[in-house]
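J.: A predicted structure for the sequence below; I have some questions about it.
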Amino acid sequence: MSIKLVTSTILPTPFAEFRLHGFEAKNGKEHVALTLGDITTDEPVLARVHSECLTGDALFSLRCDCGPQLEAAMKKIAEVGRGVILYLRQEGRGIGLINKIRAYAEQDKGLDTVEANEILGFLPDQREYDIAAAMFNQLGVKQVRLLTNNPRKLNALQEAGVNVVERVQHRVKTTAHSHRYLATKAAKMGHME
Ligand SMILES: Nc1nc2c(ncn2[C@@H]2O[C@H](COP(=O)(O)OP(=O)(O)OP(=O)(O)O)[C@@H](O)[C@H]2O)c(=O)[nH]1
Ligand SMILES: [Zn+2]
């Protein structure tokens, strides 16, 4: 999929002063990347490919681990002084915000996160990672150390042409609310320790 880097600016945060890059995809979707330091050298770059989760990233939801994972990625990158976060607008594993709320309503009735997607007619995970490869390329990133526990994401990124030289574990604390969700991801979606 074609995507282009449109504009960049400074983004001061509590963790570091990042650069914020705005991308526009051909389908009209807008994505962003945060970068810190010189990520264009040959040394592998600590990287996180984060999928949008409005409820977790912005509304402090305890149903998932997305918000703490995003914060942890920003902190880890700030600590080493160099890295990149791609923030992909693939809300709800690609089904969109309203459908994710529908899926949560199904989970309120007892289904797990995979069954809820399926009963609504979706695959458990509809995300695509081709744009991530294109974004890394445009940012000049050559090799990455990827912060993830998700084997599907790892494979999809490699298939899309991203040179992942290392998988870096990216676990955050489980809460009483996210416990079942995380257990289902481990059991049914192969998420790693
Ligand atoms: N459809 C659906 N999407 C969800 C649900 N809970 C979280 N999400 C979405 O799942 C995505 C995050 O996916 P995860 O599998 O948690 O994490 P990941 O980024 O793939 O894996 P890691 O790299 O290990 O964190 C975000 O787009 C969330 O909006 C849910 O119950 N149903
Ligand atoms: Zn989430």
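T.: Yes, it's here. Ligands and ions are numbered 1, 2, ... in the order given.

J.: give me the number of residues near residue 82?
T.: Neighbour count of residue 82, defined by other CB atoms under 10 Å: 17. Quick note: C-beta positions are derived from backbone N, CA and C, even for glycine.

J.: look up how far residue 19 lies from it.
T.: Relative to residue 19, residue 82 is positioned 12 Å away (CB to CB, to the nearest Å).

J.: any shared contact partners between these two?
T.: Both residue 82 and residue 19 are contacted by residue 36, under the criterion CB atoms under 8 Å, 6 or more residues apart in numbering.

J.: so where's the protein shaky on pLDDT?
T.: Along the chain, the model assigns pLDDT under 70 to residues 1, 193.

J.: roughly how far out does the lengthiest helix in the chain sit from the chain middle?
T.: Secondary structure of the chain per DSSP state H: the longest helix is helix 66-80. Relative to the chain's own centre, helix 66-80 is displaced by 12 Å; criterion: CA atoms, centre = their mean, to the nearest Å.

J.: and that helix, anywhere near ligand 2?
T.: Yes. Using CB under 5 Å from the ion, we find that helix 66-80 touches ligand 2 at residue 66.

J.: surely residue 180 forms part of a helix?
T.: Yes. With DSSP: H, G, I helix; E, B strand; the rest coil as the criterion, residue 180 is part of a helix.
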